[in-house]
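Participant: build the 3D model from these lines:
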Amino acid sequence: MRLLTLGTAAGGGVPQWNCACPGCSGARTHPDRRRSHDSLAILGHDPSSWCLVNAGPDVAAHLEAHSELRPGPGEERTPVVRVLLTDAELDHTSGLLRLREARHIEIYATAPVRQAVRERLALDSVLTPYTSLTWHDLPEVGQIPAVVAGMEIAAVHLSTKRPRYAADAPENSAWVSAVTLHDPARGTTALYAPALAEWSEAFSKAVAGADCAFIDGTFWDDEEPRRMGISTRTSTAMGHLPIAGPDGTAVRLAALPARCLYTHFNNTNPLVDPSAPEHGVLAERGLEVAQDGMVIEL
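Facilitator: Residues are numbered from 1 along each chain as shown. Next up is the predicted model:
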């Protein structure tokens, strides 16, 4: 299994177009600090068989940046694009519109996510004049997994957090999920959790069984959103466990044997500055900061 970290930023990216915070200003001055919306590509043993975890507004640039994701020799068009959705947020789903040139799109999602994207965002009616769509259930861990690009795929339900456009929808723990990716040929497993509101027993079991885990790194500490003036709520209240602090994820992840990388960074997170001392704090714990364009072989 080959993993490509296509993007590592939270909604808005780094820099965010309407922001002049230190993180955004630094990214404008130093282009190597720029981060696109978080997304992961998984390549199986067949080079032509791949899938995406989430499709944000940068999806076309992500696909073009990696030769493995471009149409193969003799192909005028990419025949099929497979996308796994971890939630229904706009920064993880709006890229589906950008994929309309594909001959066919297969989308794997939990029931509430599927309903929100199909009905609230009306993506079916918008996209079907351009391409064909097939929707698949994203099974929960413990059920028969879906097989995508040769990988066994399942979801760990994490949170009832709904996107703002579906705030009145019924609560359901499957609104936000982590995705487990198991390679049966090699016996390796990856976990992708760009949004983590609670360290549940199910999530604890899933991350403990992973060889490589990408974890929500939206905010460094719980007070960051309020301190930076972007929200009246804490990181936890916004649905993102912070990295640092006694209840932060760094303490838990440092005790695991898996290779653990943070992703989904908000523009206010000091980790978007490579010279920030917070990088050293994580390195001392054996934890990593994912970068756009990383390649990991499992």
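
Participant: contacts and neighbour counts: CA atoms only from here.
Facilitator: Noted.

Participant: correct me if wrong: Thr160 contacts Ala174.
Facilitator: Yes - the pair Thr160 and Ala174 passes the contact test of CA atoms under 8 Å, sitting 6.6 Å apart.

Participant: which stretches in the stretch 51-200 of the chain count as helices?
Facilitator: In chain order, the stretch 51-200 of the chain shows helices spanning 59-65, 90-93, 95-98, 111-115, 123-127, with DSSP state H, counting those that start in this stretch as the criterion.

Participant: output those helices in a markdown table, with mean pLDDT, mean neighbour count and distance to Ala210 appended to each entry.
Facilitator: Supplementary listing: the helices of the stretch 51-200 of the chain in a markdown table, determined by pLDDT from 0 to 100; neighbours: other CA atoms under 10 Å; distance: least, CA to CA, whole Å:
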| stretch | mean pLDDT | mean neighbour count | distance to Ala210 |
| --- | --- | --- | --- |
| helix 59-65 | 96 | 16 | 25 |
| helix 90-93 | 98 | 22 | 23 |
| helix 95-98 | 97 | 18 | 28 |
| helix 111-115 | 98 | 20 | 25 |
| helix 123-127 | 95 | 15 | 33 |
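
Participant: and the contacts of stretch 59-66?
Facilitator: Applying CA atoms under 8 Å, 6 or more residues apart in numbering, the external contacts of stretch 59-66 come out as 6-7, 69-70, 95, 98-99.

Participant: which of those lies closest to Arg34?
Facilitator: Checking these against Arg34 by CA to CA gives Gly7 as the nearest, at 9.8 Å.

Participant: between Thr160 and Ala174, which one's more packed in?
Facilitator: Ala174 (24 against 17; other CA atoms under 10 Å).

Participant: roughly how far apart are the more buried one and Leu181?
Facilitator: Using CA to CA, to the nearest Å, one gets 17 Å for the distance from Ala174 to Leu181.

Participant: measure His136 to Ile153 for me?
Facilitator: Relative to Ile153, and taking CA to CA, His136 is found at 12 Å.

Participant: between these two, which is the more surrounded one?
Facilitator: Relative neighbour count places Ile153 above the other of His136 and Ile153, with 25 against 15, counting by other CA under 10 Å.

Participant: tell me who's in contact with that one.
Facilitator: For Ile153, the set of contacting residues under the criterion of CA under 8 Å, 6+ apart consists of 138-139, 145-147, 179-182.

Participant: okay if I get these as TSV plus neighbour count, distance to Leu63 and pLDDT?
Facilitator: TSV is the format used below for those (neighbours: other CA atoms under 10 Å; distance: CA to CA, whole Å; pLDDT from 0 to 100):
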residue	neighbour count	distance to Leu63	pLDDT
Leu138	27	23	98
Pro139	20	26	98
Pro145	19	26	96
Ala146	19	23	96
Val147	13	22	94
Val179	26	20	98
Thr180	24	22	98
Leu181	25	20	97
His182	23	23	97
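
Participant: from those, pick the one nearest Ala208.
Facilitator: Checking these one by one against Ala208 (CA to CA), the nearest turns out to be Thr180, at 11.6 Å.

Participant: tell me where the model's unsure across the chain.
Facilitator: For the chain, the stretches flagged by pLDDT under 70 are 47.

Participant: could you pull out the strands for it?
Facilitator: Along the chain, the stretches classed as strands by DSSP state E are 2-7, 39-43, 50-53, 81-84, 104-109, 132-137, 146-148, 151-159, 176-183, 188-193, 212-216, 259-263, 288-289, 294-297.

Participant: present those as TSV; the columns should include distance to Ala166.
Facilitator: Conversion of the strands of the chain to TSV gives the following (distance: least, CA to CA, whole Å):
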stretch	distance to Ala166
strand 2-7	25
strand 39-43	22
strand 50-53	21
strand 81-84	19
strand 104-109	16
strand 132-137	20
strand 146-148	26
strand 151-159	14
strand 176-183	13
strand 188-193	21
strand 212-216	22
strand 259-263	25
strand 288-289	31
strand 294-297	33
